[in-house]
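[1] what shape does this take:
(chains A and B)
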Number of protein chains: 2
Amino acid sequence: MTTPHTATASVEPLRQRLGSRFLTSAEALRDFSEDRSLAVAEGQPLGVVLAESADDVSVALAWANETKTPVSVRGGGSGLSGGAVSYPGGLVVSLEAMNRVLDIDVENRLADVEPGVVTSDLDERARKHGLFFAPDPSSVHLSTVGGNIATDAGGLRCIAHGTTAASVAALDVVLADGSIIHTGARTIKNATGLNMTPLFVGSEGTLGVITRATVRLKPVPEGTPRTFCASFDTVEAAGRAVTSIVSSNPRPEMLELIDAICARLIEEFEPSGLPQPEAALLLGQTVGPTAQRDAEILVAACERMGATVTRIQEGNDLLEARRIANGALMAGRYAVHCDVGVPVGNLVEMMRGVQAISEEAGRGVSILAHAGDGNLHPAVESDETPEDRAAAEKVVDRITELAISLGGVITGEHGIGSLKYRELPLQFDEPTLRAQRALKAALDPHGILTPGRGI
Amino acid sequence: MTTPHTATASVEPLRQRLGSRFLTSAEALRDFSEDRSLAVAEGQPLGVVLAESADDVSVALAWANETKTPVSVRGGGSGLSGGAVSYPGGLVVSLEAMNRVLDIDVENRLADVEPGVVTSDLDERARKHGLFFAPDPSSVHLSTVGGNIATDAGGLRCIAHGTTAASVAALDVVLADGSIIHTGARTIKNATGLNMTPLFVGSEGTLGVITRATVRLKPVPEGTPRTFCASFDTVEAAGRAVTSIVSSNPRPEMLELIDAICARLIEEFEPSGLPQPEAALLLGQTVGPTAQRDAEILVAACERMGATVTRIQEGNDLLEARRIANGALMAGRYAVHCDVGVPVGNLVEMMRGVQAISEEAGRGVSILAHAGDGNLHPAVESDETPEDRAAAEKVVDRITELAISLGGVITGEHGIGSLKYRELPLQFDEPTLRAQRALKAALDPHGILTPGRGI
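    So this is what the prediction gives:
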């Protein structure tokens, strides 16, 4: 793969073909240059394509491919890994104007959407038909379906519904040379040719630009959900309860863990009477006709593992506390977050290890986790000085290495982007990394798409 | 991609490195040369590697890559599309001796297996721990987990659990150059790098050889399953019942359709008192704590759509009739089968179209379908003469074209293999086919792996 240079190619063809959809104002260059991560754009892009169609994207990529201009791709700009940050002298392709829900196909439980539709908007539309869109990352009101697909976004319901990948049936993708391909099918089974759809899911803009998605919807569960919480005196006991719950019936819809530090910060941030555990709180949800029965069984399992305070409620109220956790951690100066995953069976060992790292570093680490799927977001205490932040990042590095040593992954749901690019060799050996880069080069031989990120 | 030649490369290095695991007896060359499809080997392979490890496979592929020898890969030999048929002067890599279940990891609901383990053997092992392996193609007692992964095998439970792809967490794969890569992870979430695992699932030996798989298991549902059947006077009514059931709650574990011809042949083949419908029978199963209630709701939905005879039973007995359907169709001279899929919402139109094609051709067509997921296996009447078989194949072609015109796929679960290779352009436009072949060429530049098949 050649590295694209960033010389000054003439943008005149873009201006001619795209007209007012090609933006070069200082304001546009600034607004479309960063995401919600700490990654910083290192220089101005040469322009922004505010695409309104696959053809617009095709024009943009064909030009970039010919001029070997690096391209960053941007949905809602809610990414946390620097994947959408612009390149100096590069082109930004924004999908935010392609934000229509094109069709809700109730009989086939499918929705056809443009990539820029905000995820919660799609879910709302589906619910009018008794259906819902299962992926619900915390950024659901900001992030777009296309961005969720490009990063294989996770969230709270993955224990029951898998990550975004499980909800994608078919894609239209514009490749680096401007050609438009169609992956997948509207059927449930499809054994024809190579299974390209899930390869594009989570590819972070490195293989092509998604311009249309056919996603799967599910019938809204019957009845009212039940939310339960259980308070534990040790993280070990909480972790053992998680492992026990996920390996048997009934299965919860969500199973989250909030440690004592985080529970305290949430209550300080927005008091709601959230139980304050000695060590950790499990927060779960059950749905469907046996929701109450299932919640009682799961709470009993927690009590057998030593839970002291337990509660079952109708509805979603208890979960609201979980949804403000990130804000509470930031406000409480637990500002450097990470996103590792381990096999659920190793959750106890992982949490114990994080505590040891925290003690050794003499620096607070709060654990917030999508516990049921083994995805942890430890948050490290840090003030705003670069020195202190760098020291906190070192703690994150140690946590990441621990996750790998326990059979885990360096990112569970935020993606590699630019911030974790250097960490790829922690998870992949050389032949595996080489194979992935060969796939990338096959579709993008000049390496114009999100170079130096993702893979 | 260069086409591998089939000149006489010296097999001496294979003999030296593999010893008795390299077979060249006439018996071995015959036994490992064909699968259960109608595809015929067009000449002898030069040898069979009866692999016992990833290293054996690596030795075999590195040699084939160097000598540009075409390689066919074989699991249980139960394929129906000619994917595992040997090449003249080619090498056969058999995984049947790599048949160990290496580990059942109950806490993480994962199993580590060698590719040659028979699928039902894995399921039996898992059930000892209260877990089960969801994929259950009809060939479950013959086919191997590796073969199921390589073809993304389907079966009866896909409406509830998806195809095999949904149950694969991680793979070890030997690439064409002999290098060994590791895809996926043991976690539920994994956003690191490209999502290669599902690309290998269903790739039919064209991208690499799977030498180890980490597959997901699920807790066995509580209680006793309920099986129900409902008899319809028209296929339209049966199809409408299917569409209504899949787009709402509760969700069945299986939902099969057997038309009147097939129901009669099953009863003639092995009398069991299967209800004989005027037009079509729906056969479904519900599981879990509300299995009886769910079956009653689904049967009531069938009755609202006009079902006349309905029945609910505890256990699996009724399903036994479904499992012998293929044998019954063959015995009844409905011998030419196909494997198309349509979006479930188009099932009624598809079945109506198949009937029209049958009438126009003056040739009986029986419909057997995994109705809940839109996968149909129409079986065309044919005697054993080549002329009559060719005429029946023409009917299959028309059925395939109809499926495509209804937004469907040319193969739902059997794969492309050699038999459907020429049909690929029916489903894929030129840029999409080109992209898939670029991915193939990236991992197998000399095109030694299953050339001219799959993709």
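
[2] in chain A, which helix or strand is least confident?
    Least confident element among the helices and strands of chain A, by mean pLDDT, DSSP states H and E: helix A:317-323 (a mean of 87).

[3] hmm, who's touching it?
    Contacting residues not belonging to helix A:317-323 are listed as A:138, A:156, A:227-229, A:254, A:256, A:258, A:266, A:270, A:272, A:274, A:283, A:285, A:311 [Cβ atoms under 8 Å, 6 or more residues apart in numbering or on different chains]. The way it works is simple: take the backbone N, C-alpha and C, and place the C-beta from them, glycine included.

[4] sitting in strands, which of the residues you listed do you find?
    Mapping the contacts of helix A:317-323 onto strands (DSSP state E) picks out A:Thr227, A:Phe228, A:Cys229, A:Met254, A:Glu256, A:Ile258, A:Leu283, A:Gln285, A:Arg311.

[5] state the pair within the residues you listed that is farthest apart.
    Using Cβ to Cβ, the pair of the ones in strands among the contacts of helix A:317-323 lying farthest apart is A:Met254 and A:Arg311, separated by 15.3 Å.

[6] in terms of neighbours, single out the busier of those two.
    Remark: of A:Met254 and A:Arg311, A:Met254 carries more neighbours, 25 against 14, as counted by other Cβ atoms under 10 Å in any protein chain shown.

[7] residue ranges of each domain in chain A, please.
    Domain assignment for chain A, taken from automatic domain parsing, gives A:101-219, A:226-405.

[8] and the shortest one, how far out from the chain middle?
    For domain A:101-219, the distance between its averaged C-alpha position and the chain's averaged C-alpha position is 13 Å (Cα atoms, centre = their mean, to the nearest Å).

[9] show the end-to-end separation of that domain, please.
    18 Å (Cα to Cα, to the nearest Å).

[10] now do stretch A:399-413, average pLDDT.
    Averaging pLDDT along stretch A:399-413 yields 97.

[11] brain fart, stretch A:448-455
    Rounded mean pLDDT across stretch A:448-455 is 97.

[12] one more: stretch A:339-355?
    Stretch A:339-355 shows a mean pLDDT of 97.

[13] so for the most centrally placed residue in chain A, what's the pLDDT?
    Closest to where the C-alpha atoms of chain A average out (Cα atoms, centre = their mean) is A:Ala153, at 3.1 Å. pLDDT, A:Ala153: 95.

[14] distance check, it against A:Ala169.
    17 Å (Cβ to Cβ, to the nearest Å).

[15] pick the most deeply packed of the domains of chain A.
    The highest average neighbour count among the domains of chain A, using mean count of other Cβ atoms under 10 Å in any protein chain shown, belongs to domain A:101-219 at a mean of 23.

[16] dump the residue contacts of the residue of the stretch 251-400 of chain A found nearest chain B.
    Closest residue of the stretch 251-400 of chain A to chain B, Cβ to the nearest Cβ: A:Gly345 (3.2 Å). Shown in contact with A:Gly345 (Cβ under 8 Å, 6+ apart): A:Thr243, B:Asp105, B:Glu107, B:Asn108.

[17] I'd assumed the first one was in a helix, is it?
    Spelled out, that is A:Thr243. Yes: assigned with DSSP: H, G, I helix; E, B strand; the rest coil, A:Thr243 falls within a helix.

[18] isn't it right next to B:Val106, touching?
    No: using Cβ atoms under 8 Å, A:Thr243 is not in contact with B:Val106; the gap is 9.5 Å.

[19] on that earlier part again, next SSE after the least confident helix or strand of chain A?
    Later in the chain than helix A:317-323, the nearest helix or strand by DSSP states H and E is helix A:325-331.

[20] excluding chain neighbours, give the residue nearest to A:Ala321 in space.
    A:Leu274 (4.6 Å; Cβ to Cβ, 6 or more residues apart in numbering or on different chains).

[21] check contacts around the one you found.
    Going by Cβ under 8 Å, 6+ apart, A:Leu274 touches A:Ala263, A:Ile266, A:Glu267, A:Leu281, A:Leu318, A:Ala321.

[22] just give me the longest helix of chain A.
    Counting residues, the longest helix in chain A under DSSP state H turns out to be helix A:386-405.

[23] elements contacting the next helix or strand after that helix?
    The first helix or strand that comes after helix A:386-405 along the chain, using DSSP H and E, is helix A:424-427. With contacts defined as 3 or more Cβ pairs under 8 Å, 6 or more residues apart in numbering or on different chains; DSSP states H and E, the packing partners of helix A:424-427 are helix A:386-405.

[24] the helix it packs on packs against which elements?
    Going by 3+ Cβ pairs under 8 Å, 6+ apart, helix A:386-405 lies up against strand A:336-337, strand A:340-341, helix A:347-361, strand A:375-380, helix A:424-427.

[25] is chain B contacted by the first one?
    No: figure legend: strand A:336-337 not in contact with chain B (Cβ under 8 Å from any Cβ of the partner chain); closest approach 14.5 Å.

[26] strands paired with that strand, and their directions?
    Strand A:336-337 pairs in its sheet with strand A:375-380 (antiparallel), by DSSP bridges.

[27] ok, now which ones touch the residue in the stretch 101-250 of chain A that chain B sits nearest to?
    Scanning the stretch 101-250 of chain A for the residue nearest chain B gives A:Glu107, at 3.2 Å (criterion: Cβ to the nearest Cβ). Contacts for A:Glu107 (Cβ under 8 Å, 6+ apart) come out as B:Thr243, B:Ser247, B:Pro343, B:Val344, B:Gly345.

[28] pull the most distant pair out of these.
    B:Ser247 and B:Pro343 (11.4 Å).

[29] any shared contact partners between those two?
    With Cβ under 8 Å, 6+ apart, B:Ser247 and B:Pro343 have common neighbours A:Glu107, A:Asn108.

[30] what is the end-to-end distance of stretch A:84-96?
    End-to-end distance for stretch A:84-96: 13 Å, by Cα to Cα.

[31] distance of A:Ser53 relative to chain B?
    Distance of A:Ser53 to chain B, computed by Cβ to the nearest Cβ, to the nearest Å: 17 Å.

[32] same question, A:Ile416
    6 Å.

[33] likewise A:Gly82?
    14 Å.

[34] contacting residues around that residue?
    A:Asp35, A:Ser37, A:Leu38, A:Ala39, A:Gly417, A:Ser418, A:Leu419, A:Arg453.

[35] and A:Glu12, how many neighbours?
    For A:Glu12, the tally of surrounding residues (other Cβ under 10 Å) stands at 9.

[36] tell me the phi and psi of it?
    phi -50, psi -40 (degrees, to the nearest 10).

[37] retrieve the pLDDT associated with the nearest residue to A:Leu156 once chain neighbours are set aside.
    Distances taken as Cβ to Cβ, 6+ apart place A:Met254 nearest to A:Leu156, at 4.7 Å, with adjacent residues excluded. We note a pLDDT of 96 for A:Met254 in this prediction.
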